[in-house]
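A.B. asks: Predicted model and sequence follow; I will ask about them next.
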Amino acid sequence: MSELKSKPASKPASKLGNSGDVFYRSVFTDSGLAPREAQLSMMACIDQALENNSIAVIEGGTGVGKTFAYLLPVLTLLSQEENLNLRVVIATATVTLQEQILKKDLPEILTMFRKSLGEKNPENNLDNNFPNISIEIAKGRGRYVCPQRLYGFHGSQQGDLSLYGIGEEESENNFKNKKNSKNNAQDSEIIDELQEKLSLGAWSGDRDELDQIIPQSLWSGLIAETSTCSNRRCSYFSECPYFKVKKNLSKAKLIITNHDLLLSDLALGSGVLLPELANTIYIIDEAHHFPQKTLGQFESETLLLGSKLWLRSLETYLPKWQQELKSSAGKLAECQKNIENLKINLDLLYQELEKFWGNSEEYFLFENMMGDSGEDLREKIILVLKNSQSIGAYLSEFHGELVQTQDKEIADFEKVVGLLGILIKKNYSLSRTLEMFLIPDQEPIAKWMTFNQELSVKKQDFILHAAWMTASELLKQFFWGKIKRPVILCSATLRTLGSFESYLKKAGLEADPRVSSQFFISPFNYQESFLNIPNMKNIPEGAESEKYVQEVIENIKNIINKNIENNKNIGGVLVLFASQKLLQEVLNNLEDAQKKFVLYQGQESKMALLSKHHENINKNIPSILFGLQSFSEGVDLPGKYCTHVVIVKLPFAPPTSPIERAYQKWLVTQNKNPFREHTLPEASLKLTQAVGRLIRRDGDVGEVTILDHRMMRKFYGKMLIKSLPNFKLNI
């Protein structure tokens, strides 16, 4: 693999009369802090990107201080008078990190910034406004309560709820669920408390500001989606928490958002939810998630026969709405004809799909849609798609007429808009999925169907799925091809096997002349810790697999016993498994005396497990955490809370999911080796993330044990070891 070399970092642009390096150092030293050299170098790299209007892809190892490294240059830039019209969007992978930046990192760095500028009492001015800089946080609608739904919760009647149903069966089930929820005294108390807080101004309507935990089943009934919101026609519009935030966003210079909201805005054409691309600088934090988040934004699925349920709702309500609105009867008749044809063509498509399903168990992957074997299927899809598109055009026009009826009285206007929005969304999912099915096979799109177990109809049904397998072209089309300002992408793990090449390909940046890539090594001393690779006799492949599992069990028993016996200096152990099956098998084979010290994923929530683990270690009680891939990232166990990370089996993703299978097959058609091109780089990334759970703070020491002798027996083993931090190797 050829490495895309980064340009050497030049001297930072002049800031506030001093060179960038001198000024940034002074920000730290004026607050009595010692600047980290890697952090200062990262700031210089960001300065260069801001000055050259380029795209910087930056990996900063654990402890570099990435957040401060991009916040300080950005705040410095925004504080200058010549940049009054400039805006910056920081996008993170999670709402949790958004909140951390707003409530912890920004206040700290603003205090330091002001001290360096000589302001008096800088701590007393930590609101969201810095000279010339207004700061706001941007989250999706799902984080904000809908006042109309909150205040109307107790008074909802069955008839009202049926308007939000998608058909008789679903409406009845939805009502039963709502009724059970309302009969729950605890839910009722929560609603009363939320109503009081919102009405008194003690709560902004943001879910993340609440101290109490709101069950998702309850919260989902208190929010409105774009398709179900009546916008300015709503009687609560002026006090709507979401629209209040949106109004503030239009004035903000620094916006902290998440990948999902940014991608939603890009999909809508930019400038709908966030500032327009033209005059905005983007900081993409946790950038290793960005390509995968992009794929999630553009995937699509639809029920087949289940579509008849919402079509039945259309047939019921459209004539009533048309009569009230006095819209064209001729267009309604044409839509009704399309609805009838669509129901017929859905049955024909279903019959065709039955031929493909055969003896499939979990899913059926379509591999040759454009070949002769797919001709009949394509014809049936085209018929359904034409009907759906015609219905969609009518519904969009009708929706436009509806929202323009400012001077007309429409009974239950808000509920009509809500139901119409749901029906438009259902129809769009159908047409969008089928459109993706008709995209030529040479494009990297996975197309598959699954059996639907939950639909309350007598006949079985299929769900059709379509998803892009690589984000490269999507990001080129919706983001890289439209940006006019610098973009900074940063993370602790962007390189795989020591190179940025794989990431740049996934992100659609491999041939972009604006890109420079740079990595900054962690300041932590890994040489005081060990990487153990036990000399196991078996590997998890072929005939050796069963014996390998037995070796794993014995090794983990020994590790647990060693931890228990070391009662004078107890340290936490994190054991990471590649599958739930293997985790359970090891757990089942432990002795009772060992098992009582084990906390395992699935036993309780992740937060509860980590809390109990901390509690045990604080009491000097042995604590061993058994976790899956989700524990390999975002788990922070510094010092004594994790002194040993055990990795059971290298994290190679098995080609069992439809997208994984389809992608590997597609790579072959492109004359590429799936293992070298995809499987190995992904495993390298996951392994680096897993190993990164050990050293979290300066002074942390411990050991990593990899229970997979392929690290020594296979050609890629040395490559994987070389890509890991510089531990002392113990083999």
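C.D. replies: Yep, that arrived. These numbers come from a predicted model, not from an experiment. Residues are numbered from 1 along each chain as shown.

A.B. asks: Quickly list the domain ranges of the chain.
C.D. replies: When the chain is parsed with automatic domain parsing, its domains come out as 20-132+253-295+473-520, 142-246, 306-458, 526-730.

A.B. asks: which stretch among these comes nearest Ala466?
C.D. replies: domain 306-458 (3.5 Å; Cβ to Cβ). Heads up, the C-betas are built off the backbone N, CA and C, glycines and all.

A.B. asks: pLDDT below threshold where in the chain?
C.D. replies: Where the chain drops to pLDDT under 70, the residues are 1-20, 119-132, 155-184, 327-329, 369-373, 406-411, 453-459.

A.B. asks: on that earlier part again, among the domains of the chain, which is the most enclosed?
C.D. replies: Of the domains of the chain, the one with the most neighbours on average (mean count of other Cβ atoms under 10 Å) is domain 20-132+253-295+473-520, at a mean of 19.

A.B. asks: I'd like to know which of the domains of the chain is closest to His465.
C.D. replies: domain 306-458 (5.2 Å).

A.B. asks: nearest spatial neighbour of Glu510, skipping sequence neighbours?
C.D. replies: Leu504 (4.5 Å; Cβ to Cβ, 6 or more residues apart in numbering).

A.B. asks: repeat for Trp203
C.D. replies: That would be Lys197: by Cβ to Cβ, 6+ apart, it lies 3.7 Å from Trp203.

A.B. asks: Check which helix or strand the residue most central in space within the chain maps to.
C.D. replies: When Cα atoms, centre = their mean is applied to the chain, the residue found nearest the centroid is Lys293 (5.1 Å). According to DSSP states H and E, Lys293 maps onto helix 290-297.

A.B. asks: Just the CA trace of that helix, in PDB.
C.D. replies: Written as PDB, here are the backbone C-alpha positions of helix 290-297 (Å, rounded to 0.1, in the frame of the first residue of the first chain):
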ATOM      1  CA  PHE A 290     -18.200   9.600   9.700                       C
ATOM      2  CA  PRO A 291     -18.100   7.200   6.600                       C
ATOM      3  CA  GLN A 292     -20.300   4.600   8.400                       C
ATOM      4  CA  LYS A 293     -22.700   7.300   9.700                       C
ATOM      5  CA  THR A 294     -23.000   8.400   6.100                       C
ATOM      6  CA  LEU A 295     -24.100   4.900   5.000                       C
ATOM      7  CA  GLY A 296     -26.700   4.800   7.700                       C
ATOM      8  CA  GLN A 297     -28.100   8.200   6.500                       C
END
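
A.B. asks: And the contacts of that helix?
C.D. replies: Residues from elsewhere that reach helix 290-297 (Cβ atoms under 8 Å, 6 or more residues apart in numbering): 93, 259-260, 263-264, 267, 284, 467-472, 474-475, 489, 503, 506-507.

A.B. asks: cutoff 6 Å now
C.D. replies: Here helix 290-297 makes contact (Cβ atoms under 6 Å, 6 or more residues apart in numbering) with His259, Leu263, Ala267, Ile284, Trp468, Ala471, Leu474, Leu475, Lys506, Ala507.

A.B. asks: Glu82: which of those residues is nearest?
C.D. replies: Nearest member of those to Glu82, counting by Cβ to Cβ, is Ile284, at 24.9 Å.

A.B. asks: quick one, what contacts that closest one?
C.D. replies: Ala91, Phe290, Leu489.

A.B. asks: out of everything not next to it in sequence, what's closest to it?
C.D. replies: Leaving aside its chain neighbours, Ile284 sits nearest to Leu489 (4.5 Å; criterion: Cβ to Cβ, 6+ apart).

A.B. asks: Name all residues that make contact with Lys537.
C.D. replies: Per Cβ under 6 Å, 6+ apart, neighbours of Lys537: none.

A.B. asks: The residue nearest to Ile284 touches Ala287, doesn't it?
C.D. replies: Yes - with contact defined as Cβ atoms under 6 Å, Leu489 counts as touching Ala287 (3.8 Å).
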